[in-house]
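Undergrad: Provide a 3D model corresponding to the input given below.
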Amino acid sequence: MGHVLVLNATFEPLNIVTVQRAIVLLLKEKAEVIEATEAQIRSQYLTLDVPLVIRLVYYVRVPRRLFLPLTRRTILARDHYTCQYCGAQPVKSRLTVDHVVPRSRGGETDWKNVVTACVPCNQRKGQRTPQEAGMRLLAPPQRPRYAALVLLGKAQAHETWRKYIYNEPKEEFIGDRTKKRIVLPNMA
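TA: Residues are numbered from 1 along each chain as shown. Reported below is the predicted structural model:
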């Protein structure tokens, strides 16, 4: 039927659940609907909009040291299935994992040294650093903030979820300077 993004009371992504599980949480008044589709689920006594995003009413403490495996799938999900050099979004089979500092030069396989790259960009960069190859990264690689990224590979992500999972910097123009700031979802 579909999947629903579950947010903590603080709007942090926690999990992705089935629509059925989300409705149970709503009926038990453990969660509230933040975003819904236009479709409805009807019973004899009740009509509900099909939820896309729900938020738990009470805060759930989540250990910050969640183990997030460093795999091809999690790297691609972190980088939004986008080449971090040219911005292309080819099919998944045409994406590779590139070491910013090549392993042959002592680069390690960790979150801060691996990025998603399309095959042509990875071949162009070769065994050089991006600076040596005359290439720029779209964003510096870093450890993902939320374990929910891992779950995105299991469910077809809805575009609405993007603003809750990825707090992407928004550019703000101030005079003749550009300043980046993080825009959080509306918490009203």
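Undergrad: The spatially closest residue to Tyr59 that is not a sequence neighbour: what's it in contact with?
TA: Take Tyr59 and drop its neighbours on the chain: the residue closest to it by Cβ to Cβ, 6 or more residues apart in numbering is Ala9, 4.2 Å away. Where C-beta positions appear, they are placed from N, C-alpha and C, glycine not excepted. By Cβ atoms under 8 Å, 6 or more residues apart in numbering, the contact set of Ala9 is 55-60.
Undergrad: could you redo the last one with a cut-off of 7 Å?
TA: By Cβ atoms under 7 Å, 6 or more residues apart in numbering, the contact set of Ala9 is 55-59.
Undergrad: now, among those residues, which is nearest to Arg124?
TA: For those, the closest approach to Arg124 (Cβ to Cβ) belongs to Arg55, at 43.9 Å.
Undergrad: Show me how far stretch 49-57 is from its chain's centre.
TA: Distance, stretch centre to chain centre, for stretch 49-57: 18 Å (Cα atoms, centre = their mean, to the nearest Å).
Undergrad: What lies in contact with it?
TA: 2, 4-9, 11, 19, 22, 25-26, 29-37, 39-41, 158, 160-161, 164.
Undergrad: tell me which residues in it are buried?
TA: For stretch 49-57, a neighbour-count test (16 or more other Cβ atoms under 10 Å) marks 50-56 as buried.
Undergrad: Inside strands: which ones of those residues?
TA: Applying DSSP state E to the buried residues of stretch 49-57, the entries found in strands are 50-56.
Undergrad: As TSV, those with pLDDT and distance to Leu76 would be great.
TA: Output for these, formatted as TSV (pLDDT from 0 to 100; distance: Cβ to Cβ, whole Å):
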residue	pLDDT	distance to Leu76
Val50	90	28
Pro51	93	27
Leu52	91	23
Val53	92	23
Ile54	94	26
Arg55	95	27
Leu56	95	28
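Undergrad: Which of the residues you listed sits closest to Leu137?
TA: Nearest to Leu137 out of those is Val53 (Cβ to Cβ; 30.3 Å).
Undergrad: For the top helix by length along the chain, list the C-alpha coordinates in PDB.
TA: If you go by DSSP state H, the chain has its longest helix at helix 19-27. Extracted in PDB, the C-alpha atoms of helix 19-27 (Å, rounded to 0.1, in the frame of the first residue of the first chain):
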ATOM      1  CA  VAL A  19       0.600   2.800   6.100                       C
ATOM      2  CA  GLN A  20      -1.100   0.200   8.300                       C
ATOM      3  CA  ARG A  21       1.400   0.700  11.200                       C
ATOM      4  CA  ALA A  22       1.100   4.500  10.800                       C
ATOM      5  CA  ILE A  23      -2.700   4.300  11.100                       C
ATOM      6  CA  VAL A  24      -2.400   2.200  14.300                       C
ATOM      7  CA  LEU A  25      -0.100   4.900  15.800                       C
ATOM      8  CA  LEU A  26      -2.700   7.500  14.800                       C
ATOM      9  CA  LEU A  27      -5.600   5.600  16.200                       C
END
